[in-house]
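>>> could you work out the structure for the sequence below:
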Amino acid sequence: MRIIAIMNQKGGVGKTTSSVNISAGLARQGKRVLLLDLDSQGNSSSHLGIEVYSGMNTIYQVFSGEKKIEEVRQLVQQNLWVAPANMDLAAVDVELIDAQGREFILRRALEQMCKSGDGKGVDYVVMDCPPALNTVTINALTAATEMFIPVQPHYLSLQGLSRLLETSALIKRRLNRNLAITGMLLCLYETGTRLAADVTDDLMRFLDESDPLAPWAKAKIFQSRIRRNIRLAEAPSFAQSIFEYAPESSGAHDYGNLVQEILADEAGLRLPSTQAA
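Numbers count the residues shown, from 1 in each chain. Predicted coordinates:
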């Protein structure tokens, strides 16, 4: 089972759009996918048609210890389940401030799911992380076997990238030796512009010159570029992935190519143990 955290501390770079459409695309290819909405805004949930009402079980109940993941997830289409989120998740930082082992809550919940009959068939867990370094994000990076970083090809987007990479190195040293950054995903890409090409070259140069022991040492820039496409912005209002909403659009084409890259890159990564590194 591959456990992928899709993370960038900068907002507006295509993180939720990528989480939803990667998950939907993998499900369309016959993979059993669990999408964990870890952002208290619940955008991944609403994007796929889940309206969270008062009293509904959400991923918050997993963090509070009230429910298991398999009790909060919902089947939204063939092969695709979503564990929804709402504003309750924002309380996790305060409620767990003194909790022992709070960094491992999500990892242990995933391990428990894997041991149960309901969880054994899951091929991919995709985590839509919040644009902040909080308790929920640390849980995601501690549970993940790999990390995708959506990046907009602008210089301001690169400024926050170094901080995110430092965070991943810290998590790898202290909490999760198995964490690796698989790749950078260029989103909102404007084909043919000098800026996009220059930023892409800078990013490639940085990866080529990286410390071989760093979590991003073997990271790549995905060949698939997610171009600017109004259909991607419209799809959430129809509670559909891009493959359902506009299957002939460039957005569907780009994410379809990305999914094929991910499938071709399958590495059979295992769920890590709960012991801190």
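>>> quick one: buried residues of stretch 88-98?
Within stretch 88-98, the residues that count as buried by 16 or more other Cβ atoms under 10 Å are Asp88, Leu89, Ala90, Val92, Leu96. Just so you know, the C-beta spots here come from the backbone N, C-alpha and C atoms, and that holds for glycine as well.
>>> now the terminal residues of it, how far apart.
Terminal residues of stretch 88-98 are spaced 18 Å apart (Cα to Cα, to the nearest Å).
>>> what's next to that stretch, contact-wise?
Contacts made with stretch 88-98 from outside it, assessed by Cβ atoms under 8 Å, 6 or more residues apart in numbering, are listed as 38-40, 58-60, 63-64, 102, 105, 134-136.
>>> how about 10 Å then?
When contacts are defined by Cβ atoms under 10 Å, 6 or more residues apart in numbering, stretch 88-98 is touched by residues 37-42, 52, 54, 56, 58-65, 99, 102-103, 105, 130, 132, 134-136, 139.
>>> and the buried ones among those residues, selectable in ChimeraX?
Selection of the buried residues among these in ChimeraX, burial being defined by 16+ other Cβ under 10 Å:
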select :37,38,39,40,41,42,52,56,58,59,60,61,62,63,64,102,103,105,130,134,135,136,139
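>>> among the contacts of stretch 88-98, which ones are in strands?
Using DSSP state E, Asp37 are the members of those that sit in strands.
>>> surely Leu34 is within a strand?
Yes: assessed by DSSP: H, G, I helix; E, B strand; the rest coil, Leu34 belongs to a strand.
>>> that one: what's it in contact with?
Counting by Cβ under 10 Å, 6+ apart, Leu34 has contacts 1, 3, 23, 27, 69-70, 73, 79-83, 110, 113, 119, 122-127.
>>> now do the contacts for Phe148.
4-8, 15, 18-19, 22, 126-127, 181-185, 219, 222, 258, 262.
>>> helices - which of those residues land there?
Cross-referencing these against helices under DSSP state H gives Lys15, Ser18, Ser19, Ile22, Leu258, Ile262.
>>> from those, pick the one nearest Leu232.
Set against Leu232, the nearest of the ones in helices among the contacts of Phe148 by Cβ to Cβ is Ser18 (9.7 Å).
>>> the closest one touches Ile262, doesn't it?
No: taking contact to mean Cβ atoms under 10 Å, the distance of 11.0 Å between Ser18 and Ile262 leaves them out of contact.
>>> what's the spacing between stretch 38-56 and its chain's center?
Stretch 38-56 has its average C-alpha position 16 Å from the chain's average C-alpha position, going by Cα atoms, centre = their mean, to the nearest Å.
>>> quick check: mean pLDDT of it?
Computed over stretch 38-56, the mean pLDDT rounds to 93.
>>> now do stretch 1-12
pLDDT averaged over stretch 1-12 equals 89, rounded to a whole number.
>>> cool, stretch 112-125 as well?
Stretch 112-125 shows an average pLDDT of 82 in the prediction.
>>> mind listing what's buried in it?
Neighbour-count burial for stretch 112-125 flags Met113, Cys114, Gly119, Val122, Asp123, Tyr124, Val125 (criterion: 16+ other Cβ under 10 Å).
>>> now do stretch 209-217
Per 16+ other Cβ under 10 Å, stretch 209-217 contains these buried residues: Ser210, Ala214, Pro215, Trp216.
>>> and for this protein, the residue most distant from the center?
Of all residues in the chain, the one whose C-alpha sits farthest from the chain's mean C-alpha position, using Cα atoms, centre = their mean, is Arg194 at 28.8 Å.
>>> next up, the contacts around it.
Contacts here follow Cβ under 10 Å, 6+ apart; on that basis Arg194 touches nothing.
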